[in-house]
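Visitor: requesting a structural model of the entry that follows:
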Amino acid sequence: MKPAVTVSGLTRFFGEVEAVKGLDMEVPAGEIFGLVGPDGAGKTTTIRLLVGILDPTAGEASVLGVPLSRLESVRSRIGYMSQRFGLYEDLTVAENLRFFGRLHGVKGDKFSRRSSRLLTFAGLENFTGRLAGQLSGGMKQKLGLSCALIHSPEILFLDEPTAGVDPVSRREFWRLLYDLLREGVTIFIATSYMDEAQRCSRLGFMHRGTLIHLDTPENIRQSAGKGASLEDAFLEKVSGLNASEG
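Guide: Okay, the predicted model is just below:
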């Protein structure tokens, strides 16, 4: 399958700090790819590089077959939801959707159709007049996802979308992601939750800016031995890395 994301030697420095170190990977179209690691591992920086918010210090990458230097030409095909998605809390659910629709040039009948579908999809159809600031954490995340989808992107980048959200809302959010996957949307998600990592098609473990392992959740668990969890596998990879550096 044609890759939705291709990364080769991708590197980013902040001053003397190397936040992303020579990243190499491919993400096939039509899968949920999980970038997994603790805070400070380089997940957010990687996503910001791939959506064009940051420029790489070295290396190259392409999204939907287009290099980062020309990413603006496929902006309408890319969705992005940051960890603290920029909802306007003094606007209603409907007004937030309308704002992001206009931002992406989605207006008129096209906006009406898409917003109606997304509100139903996210279970927000009965809350259109509620201020975003008065929504629960889980509902805010679902509204944020709807705003990121208003222009029907082919690939969706999600940076820790369920951080701080209760378990029930997290489960509902992942149900929405699986619905998107069935519709052919490629999903690239950064998470520090191992139970969420288990739900992905493939995983990339990140540690201190380095991609230390990439495989399916099942293969990663098996690599750590019989009965091992993803957390066991991650800790084993980190321990091995630390031992080789020492």
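Visitor: residue 142: what's it in contact with?
Guide: Listed by Cβ atoms under 8 Å, 6 or more residues apart in numbering, the contact partners of residue 142 are 122, 123, 124, 169, 172, 173, 176. No exception for glycine: its C-beta is placed from N, CA and C like everyone else's.
Visitor: buried subset of these as a ChimeraX selection?
Guide: Per 16 or more other Cβ atoms under 10 Å, the buried members of the contacts of residue 142 correspond to this ChimeraX selection:
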select :122,124,169,172,173,176
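Visitor: can you count the residues close to residue 31?
Guide: For residue 31, the neighbour count with other Cβ atoms under 10 Å is 16.
Visitor: would you confirm that it contacts residue 189?
Guide: No. Using Cβ atoms under 8 Å, residue 31 is not in contact with residue 189, being 10.8 Å away.
Visitor: if we can go back for a sec, pick out whichever of the contacts of residue 142 sits closest to residue 95.
Guide: Closest to residue 95 out of these is residue 124 (12.7 Å), distances taken as Cβ to Cβ.
Visitor: okay, and that closest one sits in which element?
Guide: Assignment of secondary structure by DSSP states H and E places residue 124 within no helix or strand.
Visitor: can you say which helix or strand has residue 111 in it?
Guide: Secondary structure assignment for residue 111, by DSSP H and E: helix 108-121.
Visitor: equivalent analysis for residue 162, please.
Guide: Assigned by DSSP H and E, residue 162 belongs to neither a helix nor a strand.
Visitor: give me the neighbour count for the nearest residue to it once chain neighbours are set aside.
Guide: Distances taken as Cβ to Cβ, 6 or more residues apart in numbering place residue 170 nearest to residue 162, at 4.4 Å, with adjacent residues excluded. Residue 170 is flanked by 21 other residues according to other Cβ under 10 Å.
Visitor: which secondary structure element is home to residue 170?
Guide: Here residue 170, judged by DSSP H and E, is contained in helix 167-182.
Visitor: right, and residue 24 touches residue 11 too?
Guide: No. Between residue 24 and residue 11 there is no contact under Cβ under 8 Å: 10.7 Å.
Visitor: more neighbours, the two?
Guide: Using other Cβ under 10 Å, the more surrounded residue of residue 24 and residue 11 is residue 11, with 16 against 13.
Visitor: so where do the strands sit in this structure?
Guide: Taking DSSP state E, the strands of the chain run over residues 3-14, 17-28, 32-36, 58-63, 66-67, 78-81, 155-159, 186-191, 202-207, 210-215.
Visitor: redo those strands as CSV? Include mean pLDDT and distance to residue 110.
Guide: Listed next are the strands of the chain as CSV, based on pLDDT from 0 to 100; distance: least, Cβ to Cβ, whole Å:
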stretch, mean pLDDT, distance to residue 110
strand 3-14, 97, 24
strand 17-28, 97, 29
strand 32-36, 97, 27
strand 58-63, 97, 24
strand 66-67, 96, 24
strand 78-81, 95, 16
strand 155-159, 96, 19
strand 186-191, 97, 22
strand 202-207, 96, 34
strand 210-215, 95, 38
